[in-house]
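# Generate coordinates for the sequence data below:
(chains A and B)
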Number of protein chains: 2
Amino acid sequence: MINVALMGHGVVGSGVAEILLYHRDVLTEKIKEEIRLKYILDLRDFDGLAYAPLFTKRFADILDDPEIRIVVEVMGGVTFAYDYTKACLLAGKSVVTSNKELVAAKGQELLEIAAANNVNFLFEASVGGGIPILRPMAQCLAANTITEVLGILNGTTNFILTKMVAENMSFADALRLAQQNGYAEKDPTADVEGHDACRKLCILAALAFGQHVYPAQVETTGITGISRTDVDYADRFNAVVKLIGRARRLPDGHVTAAVYPALISRAHILANVNDVFNAILVHGDCVGDVLFYGRGAGKMPTASAVVADVLDCAKHLTARKYLYWAEGAPDFVVPATISETRLYVRASCDDPTAAAKAASDAFGEELFTIRDNAAREIAFLTPTGTEGVLRETLAALPCLRDPVVYHVID
Amino acid sequence: MINVALMGHGVVGSGVAEILLYHRDVLTEKIKEEIRLKYILDLRDFDGLAYAPLFTKRFADILDDPEIRIVVEVMGGVTFAYDYTKACLLAGKSVVTSNKELVAAKGQELLEIAAANNVNFLFEASVGGGIPILRPMAQCLAANTITEVLGILNGTTNFILTKMVAENMSFADALRLAQQNGYAEKDPTADVEGHDACRKLCILAALAFGQHVYPAQVETTGITGISRTDVDYADRFNAVVKLIGRARRLPDGHVTAAVYPALISRAHILANVNDVFNAILVHGDCVGDVLFYGRGAGKMPTASAVVADVLDCAKHLTARKYLYWAEGAPDFVVPATISETRLYVRASCDDPTAAAKAASDAFGEELFTIRDNAAREIAFLTPTGTEGVLRETLAALPCLRDPVVYHVID
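Take a look at the predicted model:
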C-alpha cells in the first residue's frame, strides 16, 4: 500500500480526492498496488463531506509522516506551494503538481532537488489540463531534436475568440459570456493578458529545449486589444484569430519564445481548435509535426492527469523519470524578432490604392490587399521574412498610419 | 553500455540504424547510458554501407549473445517475426517492434511471455507511426475509463481521400498518384481494403478496453467502393469522406469495433486531418476527448518512435512497463449495429419528392434532403439512432432502391 497526501481541496483537489477515493479499485488493478489517500491539507472546513476525517490544517502531519511517499500539490500560487513542495522533496517524498505558476517559476530548482533526493517531481497537469503532452514529449519523442512548440494554451481566451469569430461577438460580450459559464475568473487578467499561456509556454520550452525559460523572458501580448474589425478582416483572408504561444530553437542553439494573437489559416489543424479546447503542435526533426488536443482545463480532466502522475510515482518509487532541464542561461532566450514569420497588417491611409501599391513595392511582391475606401484603410499579409526586417519595412512606409500588426500562421 | 540488436533493415530498420548510430551522443545524454547497436539481422547484403560489419544472417548470433538486452523487430509479417520475438523474450531480452500485424495477431501472448520473463515488449510505432499514442493512453490516461477510440489510422487512404475531396480526383487517379509518391504499395490491398487500419484498431481497442481484439472480429470496409458522387454529396452536407476505425465500450462491458468510410462534418477536428496524416481521438470518462495527430508512417517518424521505445527499455531493464491486456473472450466484441450512429443515405427512386416525404415519415422527422430529379436520386442524413434500427427503417422503404449508406460523424 502506498500512502498519498493531498495539499489543497479546491476545484482540481476535490477532483483528485474523488478519483483516488471512489476509483480506488480500478487504480489498484492498474498498478497492482493499493493507493490510499491519507491526508488532505486545507485551511477551510469541509465538515459535510463523506471523507471529512482525512482533513488536516497542519502541513507537519504530512511532512513528518514517513508513511507518506507521494504528495499532491494543488494549492496554487507560488509562496506556500514552493515551500511545501521543496520540504516534501527534501524529505524523500515524490511530489505531483498541476501548478503551472510554480513550475514556470521554480521548475528547474525543484527537479534538481527531486533528483538529489532520488524522488520524482511530476507536473503533467500543469500544461494542457488532461491532455497528455509533457510525458509524450519527454519519452515518446526522446529520439527527436525538438525545434518548435506552437500551441493554443489557454482555454478561456480560446473560448472568447471562438465566440468573436463564430458568433460575431465583441470582446466584452464574449468575456462576459465566459464569466457566466465559469470559464473566466471575475478578475480575468491572468487569462486575457496571456500570463497563463506564458507560464505553460515556459514549461513546454524548458522541456523541449533543455533549459529553464522564465516568464519574464517571454514577450507576452494578450487578447484585450483584438477588435472585431481585425477578426472580420481575418475572415476575409480565410483565417481565424487565436492566442498562441510559440517557442523555437534556432540553429545556433538559442531559443525564441513569445505569446501573441495570430491569424491562423482555416486549412491549418489549429484553426478547428475551438471553445475551451487547447492544442499543442510539436515539431521534431525525425517525426515532423505532432499535435496533442483536448480540454485544457476543468476539474476532472486536470484531476485525471494528476492521478496518472500519482500512479507513475507509485510505479517508480525508486526509479527516477527522465524529466529534466538545466538552469537557464541569461542569454538563452533571444528576441523573437530574429525568426521568420509572416505578418498581417491593417493601417489607415489617405489613399488605399496608392498605399497598396507602396506596400507591394516595399515588400517586393504584388500583395493581395483588402481596401476600404470609405474608412480609408487597407489590410494585407506580408511575404515570409525575418520579423524585424518586416517591421522595419513597414515603419519605412509613412503612408500607413497606426498599423495594427499580427503574426500569420499558414 | 546497453547492447541492442536490430532485426530487419528495410525502410524503418535503416532509419532505426541511422538514429542509433548517428545520434548516439544525444541518446546517451538523454538516458545517461550508452546504447550500442551490435548486430543487424537481414538476409540481404548491404556491403556498401558504412556500418556493413554489423550485419549478420544468423538469428542465433543475437539470441545466443547474453550481452544483447534489447532486440528491435522491424522485419514485418508474422511468421518469422513471431518466432524470433518469442525466442528473444523467452531468453530474457526486451523486444521493441513496429509490426502491427504481429501485435494485432499475437500481442496478448507476447505481452504475457514478456511479463513472465520480467522483460518489456513495446510497440509504440505499430500505431500511428511517430505519433505518441499507446504510451499516453496507457500512462497519462491511466486514471480514466476509456469509452471510445476513433481515428484516421491509415495515411495512404487518407491521402487518396484528400485528393478526391480537395482536387476532385477519381479513386483510380488518386491511387495512382499515391503510388507515384511512394505512399501506396504496388499492391495496395492492405491499405485500400482497410486491413492496415483494422490491425491498428485492434491494438488500440485491446489497450483501451483490456482484452485482445482480433482482426477477424472487426467488420472492415475499405475505400474502393467510394464514388465521386458520394464525395460530392458529402460536400453539400458540409462534410468530408474519411476512412475511420472506431471502437466503443458499451455499458455492459462488451465492445464494438469496425473500420469503414464515414462522412465527417467539416467542423469536426478530424475533418482537417489531411494527406498522409493520421489522428486518433480517445474519449476518457474524466478527460473527455483527447486527440493525437501526426504523420502515421514514413521512415524517420516511425524509426524515432522505435528508438524512443528502445530508450524506455534501456531505462527499465529491470522494471516492467504497465502495458498489458488479457486474452480476448469470444463474445467480447459484439456487432457494431447495436450502437448509436447517424447514417448518410443516397438512393435511386422514381420520384425524389415522394421518396423524400416517405423517408421523413419513416424516420419521424422532417429530413433535409438533396434531390436530383434528372438522375432520379435523393440523399439525406438520418437522425441519430441505433444502427440496426436505422437500417431496418431504410430497408422498409421500397421506394429507395440500391441505397449507398455511410456513417456520419458530427
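# Please name every helix or strand in contact with the helix or strand of chain A with the lowest mean pLDDT.
Within chain A, no helix or strand scores below helix A:24-31, which has a mean of 89 by mean pLDDT, DSSP states H and E. Contact here means 3 or more CB pairs under 8 Å, 6 or more residues apart in numbering or on different chains; DSSP states H and E; on that basis helix A:24-31 packs against strand A:35-41, helix A:299-315. C-beta here means a position set from N, CA and C on the backbone, and glycine is covered the same way.
# Just the CA atoms of the first one, as CSV, please.
Taking only C-alpha atoms (Å, rounded to 0.1, in the frame of the first residue of the first chain), the coordinates of strand A:35-41 have been written out as CSV:
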residue,chain,number,x,y,z
ILE,A,35,-3.2,3.7,-3.3
ARG,A,36,-4.5,5.2,-0.1
LEU,A,37,-5.3,8.9,0.3
LYS,A,38,-4.3,9.5,4.0
TYR,A,39,-4.5,13.3,4.4
ILE,A,40,-6.0,16.3,2.8
LEU,A,41,-4.4,19.7,3.8
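# partners of it in the sheet?
Strand A:35-41 pairs in its sheet with strand A:2-7 (parallel), strand A:55-56 (parallel), by DSSP bridges.
# Would you mark the buried spots in it?
Within strand A:35-41, the residues that qualify as buried are A:35, A:37-41, counting by 16 or more other CB atoms under 10 Å in any protein chain shown.
# if we can go back for a sec, okay, the angle between the least confident helix or strand of chain A and helix A:299-315?
Here helix A:24-31 points in a direction 50 degrees away from that of helix A:299-315 (axes from the mean of the first three to the mean of the last three CA atoms, to 10 degrees).
# For helix A:24-31, report the contacting residues that lie outside it.
Contacts with helix A:24-31, where a contact means CB atoms under 8 Å, 6 or more residues apart in numbering or on different chains, come from A:19-20, A:34-35, A:307, A:311, A:314-315, B:142-143, B:145, B:322.
# Just checking: what are the partner strands of the host helix or strand of residue A:70?
According to DSSP states H and E, residue A:70 maps onto strand A:68-73. Looking at strand A:68-73 with DSSP bridges, its partner strands are strand A:2-7 (parallel), strand A:94-97 (parallel).
# Please work out the average pLDDT along the next helix or strand after the last one.
The one in question is strand A:94-97. Downstream of strand A:94-97, the next assigned helix or strand under DSSP H and E is helix A:100-116. On average, the pLDDT along helix A:100-116 is 96.
# Tell me the buried residues in helix A:100-116?
A:100-108, A:110-114.
# For chain A, which residues score under the pLDDT cut-off?
Low-confidence segments of chain A (pLDDT under 70): A:320-322.
# if you set the cut-off to 50 instead, what comes out?
Within chain A, no stretch has pLDDT under 50.
# what secondary structure does residue A:158 sit in?
What DSSP: H, G, I helix; E, B strand; the rest coil gives for residue A:158 is helix.
# so how far is chain B from the closest residue to it other than its chain neighbours?
Spatially, and ignoring its direct neighbours in sequence, residue A:158 is nearest to residue A:152 (5.4 Å; CB to CB, 6 or more residues apart in numbering or on different chains). With distances taken as CB to the nearest CB, to the nearest Å, residue A:152 is found 12 Å from chain B.
# what residues are up against residue A:152?
By CB under 8 Å, 6+ apart, the neighbours of residue A:152 are A:158, A:242-244, A:270, A:273, A:277-280, A:296.
# try it again with 10 Å
By CB atoms under 10 Å, 6 or more residues apart in numbering or on different chains, the residues touching residue A:152 are A:128, A:158, A:161, A:197, A:242-245, A:262, A:264, A:270, A:273-274, A:277-281, A:293, A:296.
# Tell me which of the residues you listed fall in strands.
Secondary structure assignment by DSSP state E places A:242-245, A:262, A:264, A:277-281, A:293 of those in strands.
# and the two most separated of these?
Taking CB to CB, the two most distant members of the ones in strands among the contacts of residue A:152 are A:262 and A:293; they sit 17.6 Å apart.
# burial of residue A:145, as a residue count?
Residue A:145 has 15 neighbouring residues, counting by other CB atoms under 10 Å in any protein chain shown.
# Sticking with the residue nearest to residue A:163 when sequence neighbours are not counted, tell me its helix or strand.
Spatially, and ignoring its direct neighbours in sequence, residue A:163 is nearest to residue A:174 (4.0 Å; CB to CB, 6+ apart). Using DSSP H and E, the element containing residue A:174 is helix A:171-180.
# Packing partners of whichever helix or strand comes after that helix?
Using DSSP H and E, the next helix or strand after helix A:171-180 towards the C-terminus is helix A:189-192. If you count contacts as 3 or more CB pairs under 10 Å, 6 or more residues apart in numbering or on different chains; DSSP states H and E, helix A:189-192 packs onto helix A:155-166, helix A:171-180, helix A:195-209.
# TSV please, covering those and showing distance to residue B:328.
Converted to TSV, the helices and strands packed on helix A:189-192 look like this (distance: least, CB to CB, whole Å):
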stretch	distance to residue B:328
helix A:155-166	38
helix A:171-180	46
helix A:195-209	38
